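S.K.: kindly generate the corresponding structure for this input.
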Amino acid sequence: MYKSVLIVFFVSLLSGCGNDSTVKESSTPSPDTTLVSDSILIERYFAWQDSIEYTDDDDNYYKNTIRDHEKIRDTILITYYAQQLADSLTKRTGLTLSLEEWAKYLHTIDLNGDNQLDLIYEGQSGGEPFLTEFFLIDTLGIKKIFSGYQVVTKMNFKEAKLSSFSIINPGCCTDPAIVEYFYTIKFDSSKVSLTLVNTLGYLNRLEKSTQKLSAPVAFTLKKISKLRCEAASFDGFENPVWGNEGNSISLYSIGSKGIVYGSKRYQDEEWLYVSMNPESKPVNSEFPQFLEQPTQLYGWIRKEDTDLYPD
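M.R.: Numbers count the residues shown, from 1 in each chain. The predicted model follows:
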C-alpha cells in the first residue's frame, strides 16, 4: 500500500512539474501501476522540490544580538560572575567547564536601567539547544529572571530598560519546526513582570509565496483543512526527510481563522499562503511544539476550504 500510494502521487506530480498549478489530492491507485524502488520515488520527490522556491533557511537566526548590545565587557567582572554561577550552571546543564569557558557565554548589559551591569548567559545547555538566562545584579546578589532555550534575536529598550525581546528555537538535528517567542518585560522597584505576547511557528522548508496580495485578507475555514508546507496536497506517505505525514503541518477544524498574504494556482486548485490565528488551536499537528502554546502558524491552505471560495 505504501508504494502504491506513493506511485500515484509521483505520477500526478511529474505531470505537473512544468506548470504553475496545484497537484490534486491523491486518488485510488491503478491496479496495473508498475512498482519502482523507494529510492527512485525519493529521488523524484527531491527533483520536484528543486522546482519550488522555498523560504530562506540559512541560519540567519544565529545573530549576535546580545553581543551587539553589550557596550562594556569587563573580563575581570565576567570571570567573577562565572565563578559565582559555575555551580548552578553545572547543575542546570550537566557540564563541568572551566571559568574561562563559562565566561565566554556570559555578557554584561544593564537590563533594568539602574546603571548596574546585569548578566546574560547564552551558551551550552548540555544538549542540542542553546540556553539563555537573564540575571539581575544588585547589592543583594544575583537573581535569575528568565530562562529559555535557544538564542535571542531581538532586544528593545525603552528609557534605558529592556522592554521586549524575542527568542528563536530552530529545532535540532533534522527537525524542521521553528518557533519564535516574543516577550514583553517590565521592571519596577519590587518585581519583574514577564509576558509571552506572541508565538510564531513555521518550517525551515516552507514554499515561498511569490504572488503576494496587495493587502492581507481575513478568512474562516468552512471545511476541516490541513495547513501544509507547500501549495499541494501530498498524503498517504511518510516524508522521506522529516518522517511526518506527507507535507502536512497541522490539521484545523471548521471555524478556524487566519490571514491570507499570497496565493498560487497549480493545475485546477488555488492555494492561499496564510498565517493561522493563535486562538485557532490545531486539532493535531505533525510537530508537537506547535501545540505547546497558542501559535501563529504559517503555511498553505486550499482556497476551497475557506469562506473566500464561492459556494
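
S.K.: need the contact list for the residue nearest the centre of the chain.
M.R.: The residue lying closest to the centre of the chain (CA atoms, centre = their mean) is I178, at 1.9 Å. Applying CB atoms under 8 Å, 6 or more residues apart in numbering, we find I178 in contact with 61, 168-171, 201-204. Yep, even glycine has a C-beta here, placed from its N, CA and C like the rest.

S.K.: secondary structure element holding it?
M.R.: Taking DSSP states H and E as the definition, I178 sits inside strand 177-187.

S.K.: convert that strand to CSV, retaining C-alpha atoms only.
M.R.: Presented in CSV, the C-alpha positions along strand 177-187 are these (Å, rounded to 0.1, in the frame of the first residue of the first chain):
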residue,chain,number,x,y,z
ALA,A,177,9.9,23.1,13.0
ILE,A,178,10.9,26.7,14.0
VAL,A,179,9.3,28.6,16.9
GLU,A,180,9.8,32.2,17.7
TYR,A,181,8.7,33.6,21.1
PHE,A,182,8.0,37.3,21.7
TYR,A,183,8.1,38.6,25.3
THR,A,184,7.5,42.0,27.0
ILE,A,185,9.2,42.7,30.3
LYS,A,186,8.5,45.4,32.9
PHE,A,187,10.7,46.4,35.8
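
S.K.: each with direction, which strands does it pair with?
M.R.: Strand 177-187 sits in its sheet next to strand 161-169 (antiparallel), strand 192-203 (antiparallel), going by DSSP bridges.

S.K.: deepest-packed of those strands, please.
M.R.: strand 161-169 (a mean of 20; mean count of other CB atoms under 10 Å).

S.K.: pLDDT averaged over that one - what is it?
M.R.: For strand 161-169, the mean pLDDT works out to 95.

S.K.: show residues contacting it.
M.R.: 61, 109, 111-113, 129, 132, 148-157, 178-187, 197, 289.

S.K.: and if we set it to 7 Å?
M.R.: Contacting residues not belonging to strand 161-169 are listed as 61, 111-113, 129, 132, 148-157, 178-185, 187 [CB atoms under 7 Å, 6 or more residues apart in numbering].

S.K.: pLDDT wise, what is the closest residue in space to S193 that isn't next to it in sequence at?
M.R.: In this structure, S193 finds its nearest non-sequential neighbour in K186, 4.3 Å apart by CB to CB, 6 or more residues apart in numbering. Per-residue confidence (pLDDT) for K186: 96.

S.K.: any low-confidence regions in the stretch 51-200 of the chain?
M.R.: Residues of the stretch 51-200 of the chain meeting the criterion pLDDT under 70: 56-63, 128, 172-173.

S.K.: reformat the strands paired with strand 177-187 as CSV; add distance to I72.
M.R.: Output for the strands paired with strand 177-187, formatted as CSV (distance: least, CB to CB, whole Å):
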stretch, distance to I72
strand 161-169, 16
strand 192-203, 22
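
S.K.: just so I know, which of those strands lies nearest E100?
M.R.: Smallest distance to E100 across the strands paired with strand 177-187 (CB to CB): 26.0 Å, for strand 161-169.

S.K.: next, the contact list for E159, please.
M.R.: Residues in contact with E159 (CB under 7 Å, 6+ apart) are G113.

S.K.: and stretch 166-183, end to end?
M.R.: One end of stretch 166-183 sits 6 Å from the other (CA to CA, to the nearest Å).

S.K.: cool, stretch 170-188 as well?
M.R.: Distance across stretch 170-188, first residue to last, is 33 Å (CA to CA).

S.K.: just stretch 213-227 next, same as before
M.R.: End-to-end distance for stretch 213-227, by CA to CA: 19 Å.

S.K.: list the buried ones in it?
M.R.: 219, 221, 225-227 (16 or more other CB atoms under 10 Å).

S.K.: phi first, then psi, for the residue nearest to N277 when sequence neighbours are not counted.
M.R.: Nearest residue to N277 in three dimensions, chain neighbours excluded: K257, at 4.7 Å (CB to CB, 6+ apart). Here is the backbone geometry of K257 (degrees, to the nearest 10): phi -120, psi 160.

S.K.: any idea how far K257 is from D110?
M.R.: 41 Å (CB to CB, to the nearest Å).

S.K.: okay, those two: which has more neighbours?
M.R.: Just comparing K257 and D110: by other CB atoms under 10 Å the higher neighbour count belongs to D110, 19 against 16.
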